[in-house]
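> A predicted structure for the sequence below; I have some questions about it.
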Amino acid sequence: MSKNVIYSANAPEPIGPYSQAIQVGDLLFVSGQVAIQKSSGNIITGNIQDETHQVMKNLGEILKAASLNFSNVVKCTIFLTDMNNFPKVNEAYGSYFANQPPARETVEVSRLPKDVNVEISCIAVK
């Protein structure tokens, strides 16, 4: 089975040696995204809900590059630097999954790239 690199010009460039996403068969593995605005290069960190929405927009652009959307997502992983932000992150994140939300885990970590507060990765299926 071959793997295909998925790239979206509308999502931030990878900040390391990884692809935005890899498609293998009907599965799409999207790398963890942080709240970098593609248009400005700015990192959104002042408000956890705005930060989460930017992360989700970045994920959405990568899904779109693979001709998918949030309804195709079957699994997410959320990394938070402060679990006290969980309720607000959960509210923003949940607005992208009105029906049949994916499986998920949320874990607190000591630090994330670019000193952001939230990073989210996902797996989607065609």
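Sure thing, it's come through. Residues are numbered from 1 along each chain as shown.

> Now for the nearest residue to Ala66 once chain neighbours are set aside: which residues touch it?
Once flanking residues are discounted, Ala66 sits nearest to Ile6: 4.7 Å by Cβ to Cβ, 6 or more residues apart in numbering. Backbone N, C-alpha and C define where each C-beta goes, glycine included. For Ile6, the contact set (Cβ atoms under 8 Å, 6 or more residues apart in numbering) comprises 19-23, 28, 30, 62, 65-66.

> ok, 10 Å please
19-23, 28-31, 62-68 (Cβ atoms under 10 Å, 6 or more residues apart in numbering).

> Tell me how far it lies from Ser110.
Using Cβ to Cβ, to the nearest Å, Ile6 is found at 30 Å from Ser110.

> just Val89 next, same as before
On the measure of Cβ to Cβ, Val89 and Ser110 end up 17 Å apart.
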